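Trainee: build me a model from this:
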Amino acid sequence: MDSRTFTGLLLAFCWSALSAAQERPDWSHFFTDFDARGSIVVVDERGAAQPPWVYAEERARTRFPPASTFKIPHTLIALEVGAVRDEFEVFAWDGIERSFSGHNRDQNLRSAMRMSALWVYELFAQQIGEERARSYLEQIEYGNADPSTDGGAYWIYGNLQISAHEQISFLQQLYRNELPFKLEHQRLVKDIIVVEAGRNWILRAKTGWNGHMGWWVGWVEWPTGPVFFALNIDTPNRMADLAKREQIVRAILRSLDALPDP
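Mentor: You can find the predicted model right below:
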């Protein structure tokens, strides 16, 4: 074996070791404290390269409908194809009363993201079409890249599914502006998913819920680097369980000094 072959194999081995997830069974109490069943993946890039941390690895590699976390790539696709011009375009409320009061008004891109206004994104889906959606999803390797549905929004009720590990991969590309979308579109989407910020940190994230399980995915930006996270939990108590998504993630991030205490 020559030196170049050996070096290549060594680099491949090191990459494989770094990419293998490190189980965190000690994180189980964060879930039991909130009476929740689920999984989380955390990738801390603030220092030297290290493997992802994961609780419930088998579930973290299981695909689920992305629900409203899909609004992140969906917005990128909508901007790219011209289904929405910018964050200022107004979408007139159709007058249909929906269960979430924040949906029952005119929306722009920022409010539709913040309120998770499904009807706005259903408009986008109609204009994008299944064929174009599939093409973009395949380009960005988003889960199973399947936007088909027998009825209803394909990211909630259809066949599109993604795992927690795959959510992280997508978010890392967005953070670095490496997705196959215009730079200004990637920057805009990152801006409209800001949840909160401090003097030297920014939390960007999006929730998702399909009635049975819920997501919270995103990252915290620090001067030394980002900390990515993707959590999903079962929601047997439906809306009564939704707050647990953020509560669990915030508790874990605080334990890592990745989010300041409130």
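Trainee: which secondary structure element contains the spatially most central residue of the chain?
Mentor: By C-alpha atoms, centre = their mean, the chain has its centre lying nearest to residue 217, at 3.9 Å. Applying DSSP states H and E as the criterion places residue 217 in strand 213-222.
Trainee: same question for residue 122.
Mentor: helix 118-128.
Trainee: okay, buried residues for that helix please.
Mentor: Using 16 or more other C-beta atoms under 10 Å as the test for burial, helix 118-128 gives 118, 119, 120, 121, 123, 124, 125, 128. Where you see a C-beta, it was placed from the backbone N, CA and C, and this is true even at glycine.
Trainee: and it, what's its mean pLDDT?
Mentor: Across helix 118-128, pLDDT averages out at 97.
Trainee: which helices and strands does it pack with?
Mentor: helix 71-81 (3 or more C-beta pairs under 8 Å, 6 or more residues apart in numbering; DSSP states H and E).
Trainee: give me the phi and psi angles of the spatially closest residue to the residue nearest to the centre of the chain that is not a sequence neighbour.
Mentor: Among residues not flanking residue 217 along the chain, residue 230 sits closest, at 4.4 Å (C-beta to C-beta, 6 or more residues apart in numbering). With angles defined as degrees, to the nearest 10, residue 230 sits at phi -150, psi 110.
Trainee: tell me the confidence at residue 230?
Mentor: On pLDDT, residue 230 comes in at 98.
Trainee: what's the answer for residue 258, then?
Mentor: 97.
Trainee: separation between it and residue 229?
Mentor: As judged by C-beta to C-beta, to the nearest Å, residue 258 and residue 229 stand 8 Å apart.
Trainee: more neighbours, the two?
Mentor: Neighbours were counted for residue 258 and for residue 229 using other C-beta atoms under 10 Å; residue 229 has more, 30 against 22.
Trainee: check contacts around that one.
Mentor: Applying C-beta atoms under 8 Å, 6 or more residues apart in numbering to residue 229 gives the contacts 40-43, 168, 205, 216-220, 249, 252-253.
Trainee: same thing but at 10 Å, please
Mentor: 40-44, 53, 164, 167-168, 171, 203, 205, 216-220, 248-250, 252-253, 256, 258-259 (C-beta atoms under 10 Å, 6 or more residues apart in numbering).
Trainee: among those, name the buried ones.
Mentor: Neighbour counting over the contacts of residue 229 (16+ other C-beta under 10 Å) leaves 40-44, 53, 164, 167-168, 171, 203, 205, 216-220, 248-250, 252-253, 258-259 as the buried ones.
Trainee: among those residues, name the ones in strands.
Mentor: 40-44, 53, 203, 205, 216-220 (DSSP state E).
Trainee: please point out which parts of stretch 90-103 sit buried.
Mentor: Going by 16+ other C-beta under 10 Å, stretch 90-103 has these buried residues: 91, 93, 103.
Trainee: tilt between the helix or strand containing residue 191 and helix 71-81?
Mentor: According to DSSP H and E, residue 191 maps onto helix 183-192. Going by axes from the mean of the first three to the mean of the last three C-alpha atoms, to 10 degrees, helix 183-192 is angled at 150 degrees with respect to helix 71-81.
Trainee: in its sheet, which strands sit next to the helix or strand following helix 183-192, and in what direction?
Mentor: As assigned by DSSP H and E, the chain's next helix or strand after helix 183-192 is strand 194-197. Paired neighbours of strand 194-197 in the sheet (DSSP bridges): strand 202-209 (antiparallel).
Trainee: in contact with residue 68, which residues?
Mentor: 74, 113, 116-118, 121, 153, 155-156, 206-210, 214-215 are the contacts of residue 68 under C-beta under 10 Å, 6+ apart.
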